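Asker: I'd like to go over a predicted model; first the sequence, then the structure.
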Amino acid sequence: MANRNKIFLIATLLTFTVKSLAVTVETTANLKVYYPEYTKIDLECGQMPKTTQKNVEFCCEAAFTGELLKEFKHTNIADNHICHGEMKKGYRCRANTGGFVWGKGKWKFMRKTDFPTSANGWDMGFCQLLIIKDGTAKPIGTKMASNKNIYRALCEKNGKLCIVESKKIMKYSFFVECLKAYKVTNALYLDMGSGWNHAWYRDNGKIVELHPKTHNYCTNWITFYK
């Protein structure tokens, strides 16, 4: 237990920050954290934003995808979602327990039961696994807790949105502990796994890719625009 406490202390205290024109990157012992500089967030569906789109700062997979389909369908995205200010119908996903919406400079993390039934002024939104809500970590099932992967989450810390990714493969339960040590107040899972983890952001005009693109089955991306 003493060694684990030391690890969490290191994760909390040893934070290194690198600023660019588009994204501020912080690193701890176990996490890499991206703070996009943005004026708008949207959920792009069907096609990943291209690196030639100069107004895109950061984009990564958001909601789960149901089946490996060659053609795009909104109904292949886990649960209802909002893109470009319109509510779209997705498939019902029991794994999802939370959601996120953004519009007019405001955002909200919520339980899935509170996800809006219509766009109602929100520009974007999607459902996912709720990790932390208002500073309290949600219960973790035994099987999920022991799963190992590189994990990623959309988080809120000190009133700012950020994308937090584990620096290496770890147990999901440990990833949650690292998020708690980093003191995020809200955290929502983002789809990961080989290919699904492909993402990119802009660093002083240069494109930085996170994980290789290995397939074309991804269906939706949370996208930060400058």
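Answerer: Happy to help now that I have it.
Asker: Residue 58 should be in a helix, yeah?
Answerer: No. Secondary structure of residue 58 (DSSP: H, G, I helix; E, B strand; the rest coil): strand, not part of a helix.
Asker: Now do the contacts for it.
Answerer: Counting by CB atoms under 8 Å, 6 or more residues apart in numbering, residue 58 makes contact with 22-23, 34, 36, 38, 163, 199-202, 223-224. (Each C-beta comes from the backbone N, C-alpha and C, glycine too.)
Asker: Between these, which has the least confident prediction?
Answerer: Across the contacts of residue 58, the member with the lowest pLDDT is residue 22, scoring 85.
Asker: How about that one: what's its closest non-neighbour residue?
Answerer: The shortest distance from residue 22 to any non-neighbouring residue, by CB to CB, 6 or more residues apart in numbering, is to residue 202 (4.1 Å).
Asker: what's the answer for residue 127, then?
Answerer: Distances taken as CB to CB, 6+ apart place residue 79 nearest to residue 127, at 3.8 Å, with adjacent residues excluded.
Asker: which residues touch that neighbour?
Answerer: If you count contacts by CB under 8 Å, 6+ apart, residue 79 has them with 63, 90-93, 96, 99, 112, 115, 126-127.
Asker: How much space separates it from residue 115?
Answerer: Relative to residue 115, residue 79 is positioned 7 Å away (CB to CB, to the nearest Å).
Asker: now do residue 125
Answerer: For residue 125 relative to residue 115 (CB to CB), the value is 7 Å.
Asker: list residues touching both of those two?
Answerer: Each of 99, 101 lies in contact with both residue 125 and residue 115 under the rule CB under 8 Å, 6+ apart.
Asker: Need the residues touching each of residue 79 and residue 115.
Answerer: Counting by CB under 8 Å, 6+ apart, the residues touching both residue 79 and residue 115 are 99, 127.
Asker: Packing partners of the host helix or strand of residue 35?
Answerer: Take DSSP states H and E as the rule and residue 35 turns out to sit in strand 31-36. Applying 3 or more CB pairs under 8 Å, 6 or more residues apart in numbering; DSSP states H and E, one finds that strand 31-36 contacts strand 23-27, strand 56-61, strand 160-166, helix 172-182.
Asker: quick one: contacts for residue 211?
Answerer: Counting by CB under 8 Å, 6+ apart, residue 211 makes contact with 150, 197-199.
Asker: how about a cut-off of 6 Å?
Answerer: Contact analysis of residue 211 by CB atoms under 6 Å, 6 or more residues apart in numbering lists 197-198.
Asker: again, but for residue 152
Answerer: Residues counted as contacts of residue 152 (CB under 6 Å, 6+ apart) are 165, 190, 192.
Asker: Run a quick neighbour tally on the last one.
Answerer: Think residue 192. Close neighbours of residue 192, defined as other CB atoms under 10 Å, add up to 20.
Asker: what does the first one give?
Answerer: Neighbour count of residue 165, defined by other CB under 10 Å: 20.
Asker: how about the helices in this structure?
Answerer: Secondary structure of the chain (DSSP state H): helices at 2-13, 142-146, 172-182.
Asker: Leaving out the residues flanking it, which one is nearest to residue 179?
Answerer: residue 187 (5.3 Å).
Asker: no, scratch that, I was asking about residue 37
Answerer: Leaving aside its sequence neighbours, residue 37 sits nearest to residue 22 (CB to CB, 6+ apart; 5.8 Å).
Asker: And residue 67, by the same measure?
Answerer: residue 76 (5.9 Å).
Asker: so what's that neighbour up against?
Answerer: 65-67, 69, 219.
Asker: my guess is residue 62 meets residue 126, correct?
Answerer: Yes. Using CB atoms under 6 Å, residue 62 is in contact with residue 126, at 5.0 Å.
Asker: Thanks a lot, catch you later.
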